[in-house]
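**Q** no sequence for this one, just the structure:
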């Protein structure tokens, strides 16, 4: 049409998609822009980007510009209806949110664990602001979130009992990409992984969804209108997110979308998608000054189309007086490690300067399998009994993690009390090794061939791990 030709040439402005302004043509674009920004930079800025029309326009005056302002700013994606049902009369102008919010510093202090379960997303600058604002609007509206506090560069909230921080790290003047930090408070039940998956799925949706053949901007998606064609909320765990998005957008996943687990070394998201079956494969990530580093693909589990094949994480609980038995058992488990079925950890891997108690608890929170090297010294250790055993039993009860007791030296098992309040005992688990002929439990130290006993223990551990892996 003739107006559209003029509009593209900068002679006039009109808004054909706006119901309220579709029949109007503005002959002086600069005058319209000046009037809009006069309101935005004064009244809206003074209200920190959250306002009602009656807050910025005099109700007593029949100001025809009120309608023009709200219709035009929404069409230009400067202003959006407040997404929360309780504030349906309000509007949001994300560019005029406060630059910072005191709650952010309190969040960092109260839940520094979130930084241990974080990922970073890097996108071209064009997408950065739209993605950030879209996520802020989405979680400001989410009825399942609590304690929402948002500002110009981020939002903090509670969801499923976990603290979440979404923060944009605005680039320097010479950078062409923006970075988004997603921090979720760590959970011993891996609830943080569920939230990370949800947030990343929303990031993909905001970036790539389409409507009626036209690509939606992240801000349009951020309005939270239910669009069946572009809604990814029905994607089930394990489904191919990238393939679904390709079907929406009609395009391949772009190679400019990059992700990181430390905010320093980034990898192209497209490099992750083809490696899900390889599990522990190392991928090359690029950092500052073109530094390169190898990262394990399993560290990006929350961001994958499908969960990658992952070795079972094994935590070995033992007395330091039984270190020799630990060494021999690790040697017998070498086949499982080489075939990428297990990844064993003990406190011998704690480095000088590390907080040993925290390191142990962090690894126990990640473990899939707990191996207990039983001996009198094992039972005598207060730390093992009060911390390691209790945590292993708790994760067995809550998450069905495997607990495998191994009798390395003779021990009066009948005299052991319950480990938890319900009276669950070590001897309630299947203990190994046992003689083939009698099926009788026999400590490794009493076998004529210690290596034969250790081989039987390794076999039982392999069978348990493979059986669990097939479930």
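**A** Yep, it's here. The model shown is predicted, which means the values in this text are computed figures rather than measured ones. Residues are numbered from 1 along each chain as shown.
**Q** Report the buried residues of the longest helix along the chain.
**A** Counting residues, the longest helix found in the chain (DSSP state H) is helix 450-469. Neighbour counts over helix 450-469 (16 or more other CB atoms under 10 Å) mark 453, 454, 456, 457, 458, 460, 461, 462, 464, 465 as buried. Every residue, glycine included, has its C-beta placed from N, CA and C.
**Q** And those, which is closest to residue 42?
**A** The closest of the buried residues of helix 450-469 to residue 42 turns out to be residue 465 (CB to CB; 65.5 Å).
**Q** contacts for the longest helix of the chain?
**A** 312, 328-329, 332-333, 335-336, 341-342, 368-369, 371, 402, 404, 406, 432-434, 442, 444, 447 (CB atoms under 8 Å, 6 or more residues apart in numbering).
**Q** how does it look with 7 Å?
**A** In this structure, residues lying in contact with helix 450-469 by CB atoms under 7 Å, 6 or more residues apart in numbering are 312, 328-329, 332-333, 336, 341-342, 369, 371, 402, 404, 406, 432-433, 444, 447.
**Q** and the residues you listed, which are buried?
**A** Taking 16+ other CB under 10 Å as the criterion, what is buried in these is 312, 328-329, 332-333, 336, 341-342, 369, 371, 402, 404, 406, 432-433, 444.
**Q** any idea which of the residues you listed is least confident?
**A** Lowest pLDDT among those: residue 341, with 82.
**Q** my read: that residue touches residue 311, true?
**A** Yes - contact criterion CB atoms under 7 Å: residue 341 and residue 311 qualify, at 6.0 Å.
**Q** Quick check: end-to-end length of stretch 141-160?
**A** 15 Å (CA to CA, to the nearest Å).
**Q** how far out from the middle of the chain is that stretch?
**A** A distance of 15 Å separates the centroid of the chain from that of stretch 141-160, by CA atoms, centre = their mean, to the nearest Å.
**Q** Sort out which residues of it are buried, please.
**A** 141-142, 145, 148, 150-157, 159-160.
**Q** now swap in stretch 400-411 and tell me
**A** Buried, per 16+ other CB under 10 Å, within stretch 400-411: 401, 402, 403, 404, 405, 406, 407, 408, 409, 411.
**Q** Looking at those, spot the one nearest residue 46.
**A** Among those, residue 401 lies closest to residue 46 (CB to CB), at 54.4 Å.
**Q** Any figure for the gap between that closest one and residue 374?
**A** Distance of residue 401 to residue 374, given as CB to CB, to the nearest Å: 18 Å.
**Q** ok so, going back, any chance of the buried residues of stretch 400-411 in JSON lines with distance to residue 269 and secondary structure as columns?
**A** Conversion of the buried residues of stretch 400-411 to JSON lines gives the following (distance: CB to CB, whole Å; DSSP: H, G, I helix; E, B strand; the rest coil):
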{"residue": "401", "distance to residue 269": "31", "secondary structure": "coil"}
{"residue": "402", "distance to residue 269": "33", "secondary structure": "strand"}
{"residue": "403", "distance to residue 269": "37", "secondary structure": "strand"}
{"residue": "404", "distance to residue 269": "37", "secondary structure": "strand"}
{"residue": "405", "distance to residue 269": "42", "secondary structure": "strand"}
{"residue": "406", "distance to residue 269": "42", "secondary structure": "strand"}
{"residue": "407", "distance to residue 269": "48", "secondary structure": "strand"}
{"residue": "408", "distance to residue 269": "46", "secondary structure": "coil"}
{"residue": "409", "distance to residue 269": "51", "secondary structure": "coil"}
{"residue": "411", "distance to residue 269": "51", "secondary structure": "coil"}
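**Q** which stretch of helix or strand covers residue 32?
**A** Using DSSP states H and E, residue 32 falls within helix 29-39.
**Q** Farthest pair within the buried residues of helix 450-469?
**A** Greatest spacing in the buried residues of helix 450-469, by CB to CB: 453 and 465 (18.9 Å).
**Q** hang on, the earlier thing: tabulate the buried residues of helix 450-469 (a markdown table), appending distance to residue 360.
**A** Compiled in a markdown table, the buried residues of helix 450-469 are given as follows (distance: CB to CB, whole Å):
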| residue | distance to residue 360 |
| --- | --- |
| 453 | 27 |
| 454 | 24 |
| 456 | 28 |
| 457 | 23 |
| 458 | 24 |
| 460 | 25 |
| 461 | 21 |
| 462 | 25 |
| 464 | 23 |
| 465 | 22 |
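**Q** Closest to residue 13 out of these?
**A** residue 465 (66.0 Å).
**Q** now the closest one: how far from residue 447?
**A** 23 Å.
**Q** Please apply the same query to residue 47.
**A** Distance from residue 47 to residue 447, by CB to CB: 78 Å.
**Q** residue ranges with poor pLDDT in this structure?
**A** Along the chain, the model assigns pLDDT under 70 to residues 1-11, 59-63, 101-116, 170-173, 209-253, 273-290, 294, 305-309, 349-354, 469-471.
**Q** and residue 25, what are its bridge partners?
**A** residue 14 (DSSP bridges).
**Q** what are the phi and psi values for residue 147?
**A** Residue 147 has phi and psi values of phi 50, psi 50 when expressed as degrees, to the nearest 10.
**Q** Setting aside sequence neighbours, what's the nearest residue to it?
**A** Closest residue to residue 147 apart from its sequence neighbours, by CB to CB, 6 or more residues apart in numbering: residue 158 at 4.9 Å.
**Q** Hmm, the one you found is touching residue 148, no?
**A** No - distance between residue 158 and residue 148: 8.4 Å, which falls outside the contact criterion (CB under 7 Å).
**Q** thinking again about what came up before, closest to residue 26 out of the buried residues of helix 450-469?
**A** residue 465 (69.3 Å).
**Q** List the contacts of the residue nearest to residue 147.
**A** With contacts defined as CB under 7 Å, 6+ apart, residue 158 is in contact with 145, 146, 147.
**Q** do that again at 8 Å, thanks
**A** Counting by CB under 8 Å, 6+ apart, residue 158 touches 145, 146, 147, 164.
**Q** What helix or strand is it located in?
**A** Residue 158 is part of strand 154-159, with elements assigned from DSSP H and E.
**Q** Can you give the strand pairings for that strand, parallel or anti for each?
**A** Here, using DSSP bridges, strand 154-159 pairs with strand 145-151 (antiparallel), strand 162-169 (antiparallel).
**Q** Adding distance to residue 419, write these out as JSON lines.
**A** What follows is the strands paired with strand 154-159, written out as JSON lines (distance: least, CB to CB, whole Å):
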{"stretch": "strand 145-151", "distance to residue 419": "35"}
{"stretch": "strand 162-169", "distance to residue 419": "28"}
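**Q** Ok, which of the ones you listed comes nearest residue 388?
**A** Of all the strands paired with strand 154-159, the one in closest proximity to residue 388, counting by CB to CB, is strand 162-169 (24.8 Å).
**Q** From the chain's centroid, how far away is the next helix or strand after that closest one?
**A** Moving toward the C-terminus from strand 162-169, the next helix or strand (DSSP H and E) is strand 177-184. Relative to its chain's centre, strand 177-184 lies at 11 Å (CA atoms, centre = their mean).
**Q** What of stretch 324-339?
**A** On CA atoms, centre = their mean, the centre of stretch 324-339 falls 33 Å from the chain's centre.
**Q** and what of stretch 50-70?
**A** 41 Å.
**Q** And it, end to end?
**A** The stretch stretch 50-70 measures 13 Å between its terminal residues, going by CA to CA.
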